[in-house]
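Novice: got a predicted model here, sequence first, then my questions.
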Amino acid sequence: MQKFGLYTILIISTFLVFSCGGEDYAPKPRAFFRIDLPAKSYQAFDTLYPYSFEYPKYAVIQRSKGLGEDRYWINVNFPAYNATIHITYKPVKNNLDSLVGSARKFVDKHISKATSIKEKAYENPGNNVYGVVYNIKGNSVASPYQFFVTDREKHYVRGALYFNMPPSNDSLAPVIEFIEKDIDYMISTLKWK
């Protein structure tokens, strides 16, 4: 019996020594799931709301059930990517500085998680649309893209992109970039009524 135990230990030891080596080992590169992105295609959002714009055909608009000023709030949902652009509307009544400050506070909430915040002014004098777009970088940032636009007299719209999952923006980078282009297009086609 004792020889059997010795032979077993010897065989296992030999197996371990020869199975651990090898010069042909190469670490596998880190990989992410493949994300299929559709061709860009847009449709009009033109209702009784005080603004209109074009939005992607692969998105769905969910209207607010709110009352008063909130009745003009919408969500632009991207079901394939579990993402939503929350859009709020407020009338300007000598409160533009407060509305702009509020938009900046929402962006500032991301400072602790952000690696950078890029602010870009937006102007479309033909449609009387002016504003700022915020591109917020960082792996744990909850809202990587935000904006506000106004005509400086009557209308103010604020938007923020959120994913309905814990943020992991490194793996979501292709989708974030894809939706950022959609948001830029939506802003470029925005008109006041």
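Specialist: Great, that's in hand.

Novice: how about the longest helix anywhere in the chain: buried residues?
Specialist: Assignment by DSSP state H gives helix 169-188 as the longest helix of the chain. Residues 169, 172, 175-176, 178-179, 182-183, 185-187 are the ones in helix 169-188 that count as buried (16 or more other CB atoms under 10 Å). (C-beta placed from N, C-alpha, C; glycine too.)

Novice: in the chain, where is pLDDT below threshold?
Specialist: 1-5, 15-34 (pLDDT under 70).

Novice: now do the strands in this protein.
Specialist: 42-45, 51-56, 60-63, 74-78, 83-91, 116-124, 129-137, 145-150, 155-163, 191-192 (DSSP state E).

Novice: mind putting those strands into JSON lines with mean neighbour count and distance to Lys105?
Specialist: Shown next, in JSON lines, are these (neighbours: other CB atoms under 10 Å; distance: least, CB to CB, whole Å):
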{"stretch": "strand 42-45", "mean neighbour count": "14", "distance to Lys105": "27"}
{"stretch": "strand 51-56", "mean neighbour count": "19", "distance to Lys105": "23"}
{"stretch": "strand 60-63", "mean neighbour count": "12", "distance to Lys105": "25"}
{"stretch": "strand 74-78", "mean neighbour count": "19", "distance to Lys105": "21"}
{"stretch": "strand 83-91", "mean neighbour count": "20", "distance to Lys105": "14"}
{"stretch": "strand 116-124", "mean neighbour count": "12", "distance to Lys105": "13"}
{"stretch": "strand 129-137", "mean neighbour count": "20", "distance to Lys105": "12"}
{"stretch": "strand 145-150", "mean neighbour count": "24", "distance to Lys105": "11"}
{"stretch": "strand 155-163", "mean neighbour count": "22", "distance to Lys105": "11"}
{"stretch": "strand 191-192", "mean neighbour count": "16", "distance to Lys105": "24"}
